[in-house]
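>>> Dropping a prediction and its sequence here:
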Amino acid sequence: MTSHRDALDALDRARQTSSLNPPTVQDQPNAAPPPRHRVVLDTDAANEADDQFAIVHALLSPTLDVRGVVAAHFGLRRSTTSLADSRAEIDRLLALLGDTTTRVVDGAETWIPDEATPIDCEGARLIIEEAMSEDAPLSVLVLGPLSTVASALLLEPRLVERDLTVIWIGGPPYDGVLGRTGGDAGIEFNLSNDIAAANVVLGSGVRVIQVPESTYRMCSVGYHELQEKIGEAGELGAYLVRQLIEWNDRWNPSAIERRSLGDSPAVGLVLNAGGGVIRRRPAPRFTDDGALALGLAGRTVDVVETFDTRYLFEDMFAKIRAFAASS
């Protein structure tokens, strides 16, 4: 007669070999430390006050291997030297971090002329170099317009065959969700600075994870929270808080005591890939006025609908405090 213990052992063996319970990579211990995540940051760092937090978070995260930071333009509405402004802000942040080794290059100086014409620049060449040099995954975190990534794809079409993911902060909401003010607030800002580039990237076949306006605007922090969390965390923490308040005072049309750190989910999606609710959709095209239109058949985009901001911001704040304590 089969004992109760024998029956349980037999059931366990059946479960382990069943097609309903296939083995996964997590069923075996790592033979060596797992590789860090290779990333390139593409940032219009002087455009607002949130890129700074995302850049610092990425550079302070030990599991991220930041292969370079690309300075991006942000159009002409706020500055006629937007690319140079972004480069200067990146350099300022690296100085506050004491970082003399991270590679910094210039991206496309302006929007691409049309969907067939790239802007050859150091940033596009960096993306091509990193994507083509190794078989390991590469994520390009785009915190502004897609000009440089589109240029890279046009210069080197084989990028779509590589293990490359573009994480883009930008674009309008889906499914009739209203934008910033619940009315006609114009084209989403990052999209507005290069609609042609967005169409190139979303239509290319490369994997795109998009964080649209309706998601990134749910990432607000308040002045008092920032001051409490990092206001006294050395020169870096004080600068991050100060520049955010100064930006609001300069550009916001009414009194305000908070800001969306809307670029931070790009970093969070690499640090915590399971931390968002993501819906795969047919990739759209964008019309000249920034609206959604029917895209190429077979192209998809992974749209982030929500992200775990509790984890995201507490992790970032803790790393900034730890950096200050160790400096």
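That came through, no problem.

>>> Lowest-scoring secondary structure element of the protein by mean pLDDT?
Lowest by mean pLDDT, DSSP states H and E among the helices and strands of the chain is helix 4-17, with a mean of 67.

>>> what's the following helix or strand after it?
strand 37-43 (DSSP states H and E).

>>> Which residues does that next one contact?
51, 54-55, 58, 63-72, 86, 90, 107, 123, 126-127, 130, 134, 136-144, 148-149, 263, 270-271 (Cβ atoms under 8 Å, 6 or more residues apart in numbering). Any C-beta I mention is one placed from the backbone N, CA and C, and that applies to glycine too.

>>> if you set the cut-off to 6 Å instead, what comes out?
The contact list for strand 37-43, computed with Cβ atoms under 6 Å, 6 or more residues apart in numbering, reads 51, 58, 64-70, 72, 127, 136, 138-143, 148, 270.

>>> Now restrict these to buried residues only.
When neighbours are counted using 16 or more other Cβ atoms under 10 Å, the contacts of strand 37-43 contain these buried positions: 51, 58, 64, 66-70, 72, 127, 138-143, 148, 270.

>>> In strands only, show me the residues you listed.
64, 66-70, 138-142 (DSSP state E).

>>> These into CSV, with extra columns for pLDDT?
Below are those laid out as CSV (pLDDT from 0 to 100):
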residue, pLDDT
Leu64, 98
Val66, 98
Arg67, 98
Gly68, 98
Val69, 98
Val70, 98
Leu138, 98
Ser139, 98
Val140, 98
Leu141, 99
Val142, 98
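
>>> Quick check: of these, which lies closest to Arg280?
Ser139 (17.4 Å; Cβ to Cβ).

>>> can you pull out the helices in the stretch 101-250 of the chain?
Along the stretch 101-250 of the chain, the stretches classed as helices by DSSP state H, counting those that start in this stretch are 122-133, 147-155, 189-192, 195-202, 213-216, 223-230, 234-251.

>>> so which of those comes closest to Arg78?
Once the helices of the stretch 101-250 of the chain are compared by Cβ to Cβ, helix 234-251 is nearest, at 7.9 Å.

>>> Show me what the next helix or strand after that closest one is in contact with.
Per DSSP H and E, the first helix or strand lying C-terminal to helix 234-251 is strand 258-260. Residues from elsewhere that reach strand 258-260 (Cβ under 6 Å, 6+ apart): 49, 217, 219-220, 222, 244.

>>> rewinding a little: determine which stretch of the helices of the stretch 101-250 of the chain is the most buried.
Burial of these is given as mean neighbour count (mean count of other Cβ atoms under 10 Å); helix 147-155 ranks first at a mean of 28.

>>> how big is the angle separating it from helix 122-133?
Relative orientation of helix 147-155 versus helix 122-133 (axes from the mean of the first three to the mean of the last three Cα atoms, to 10 degrees): 50 degrees.

>>> helices or strands next to helix 147-155 in the packing?
When contacts are defined as 3 or more Cβ pairs under 6 Å, 6 or more residues apart in numbering; DSSP states H and E, helix 147-155 sits against helix 122-133, helix 195-202.

>>> how close does Leu41 sit to Pro34?
21 Å (Cβ to Cβ, to the nearest Å).

>>> So between those two, which is more surrounded?
Counted by other Cβ atoms under 10 Å, Leu41 and Pro34 do not tie: Leu41 has more neighbours, with 29 against 8.

>>> Any idea what the more buried one is bridged to?
Val69, Leu141 (DSSP bridges).

>>> okay, the helices of the stretch 101-250 of the chain in JSON lines with distance to Ser326 next?
Shown next, in JSON lines, are these (distance: least, Cβ to Cβ, whole Å):
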{"stretch": "helix 122-133", "distance to Ser326": "29"}
{"stretch": "helix 147-155", "distance to Ser326": "33"}
{"stretch": "helix 189-192", "distance to Ser326": "34"}
{"stretch": "helix 195-202", "distance to Ser326": "38"}
{"stretch": "helix 213-216", "distance to Ser326": "30"}
{"stretch": "helix 223-230", "distance to Ser326": "14"}
{"stretch": "helix 234-251", "distance to Ser326": "10"}
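
>>> Tell me which of those helices approaches Val304 most closely.
helix 213-216 (5.3 Å).

>>> Send over that closest one as CSV, restricted to the C-alpha atoms.
Only the C-alpha atoms of helix 213-216 are listed here, as CSV (Å, rounded to 0.1, in the frame of the first residue of the first chain):
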residue,chain,number,x,y,z
GLU,A,213,1.4,62.4,-20.3
SER,A,214,-1.5,60.9,-18.3
THR,A,215,1.0,58.6,-16.5
TYR,A,216,4.0,60.8,-15.9
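
>>> Who are the contact partners of Pro145?
So Pro145 contacts 190, 193-194 (Cβ under 6 Å, 6+ apart).

>>> now with 7 Å?
By Cβ atoms under 7 Å, 6 or more residues apart in numbering, Pro145 lies in contact with 44, 72-73, 111, 190, 193-194, 197.
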